[in-house]
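Peer 1: Kindly generate the corresponding structure for this input.
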Amino acid sequence: MKEALVVGAGATLGALTRWALTISLPLVLAVPFDGIHMVNALGCLAMGFLAPGKFWGTGFLGGFTTFSGVAIAAAQNSPLGAFALLAVYFVVCVGAWLLGDALRTRTRASA
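Peer 2: This is a model prediction of the structure:
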């Protein structure tokens with residue numbers, strides 16, 4: 001039960017942070033775009049760099065990123081558009097995780 005509460009608390013904070021960023025990013029960057037795409041890539045980068053545990057990884061970053069946002073974006077496209085979107089998401093998010101992991105490895109090696 002304790003683990004579920006830890007993960008749930010992290011997920012709550014992550015989802016609230018995602019909501020705040022998706023609302024504020026278009027205002028800060030002064031361009032209209034869907035902040036969900038940026039949030040998902042940022043979450044993958046953080047997951048690779050931090051290699052976090054239950055609260056920060058499964059909880060916070062799990063709540064911070066969103067698969068449902070990607071699924072909705074894909075469903076609103078043609079089949080070819082949905083495939084392209086999912087392929088780009090896969091490459092960007094896995095690439096972000098790999099970059100974060102490489103940065104973590106390099107940072108620890110130089111310390």
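
Peer 1: now the helices for this structure?
Peer 2: In the chain, helices defined by DSSP state H lie at 2-29, 35-50, 62-64, 67-75, 79-110, listed in chain order.

Peer 1: Please identify the deepest-packed of those.
Peer 2: helix 62-64 (a mean of 22; mean count of other CB atoms under 10 Å). Quick note: C-beta positions are derived from backbone N, CA and C, even for glycine.

Peer 1: what's in contact with that one?
Peer 2: The contact list for helix 62-64, computed with CB atoms under 8 Å, 6 or more residues apart in numbering, reads 7, 10, 11, 12, 13, 14, 15, 17, 18, 39, 43, 46.

Peer 1: from the residues you listed, which is closest to residue 79?
Peer 2: When the contacts of helix 62-64 are compared for distance to residue 79 (CB to CB), residue 39 wins out at 25.5 Å.

Peer 1: ok so, going back, farthest-apart pair in the contacts of helix 62-64, please.
Peer 2: Greatest spacing in the contacts of helix 62-64, by CB to CB: 7 and 39 (19.0 Å).

Peer 1: Just the pLDDT at residue 33, thanks.
Peer 2: At residue 33, the predicted lDDT confidence score is 55.

Peer 1: I meant residue 83, not that one.
Peer 2: Residue 83 is given a pLDDT of 94.

Peer 1: Check residue 108 too.
Peer 2: Predicted confidence (pLDDT) for residue 108: 87.

Peer 1: Equivalent analysis for residue 26, please.
Peer 2: 65.

Peer 1: Generate CSV for the contacts of helix 62-64, with pLDDT and distance to residue 58 as supplementary columns.
Peer 2: Compiled in CSV, the contacts of helix 62-64 are given as follows (pLDDT from 0 to 100; distance: CB to CB, whole Å):
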residue, pLDDT, distance to residue 58
7, 96, 5
10, 96, 7
11, 96, 8
12, 97, 13
13, 97, 12
14, 96, 10
15, 94, 13
17, 94, 15
18, 91, 15
39, 87, 17
43, 94, 12
46, 96, 13
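
Peer 1: Please consider this matter closed, and thank you.
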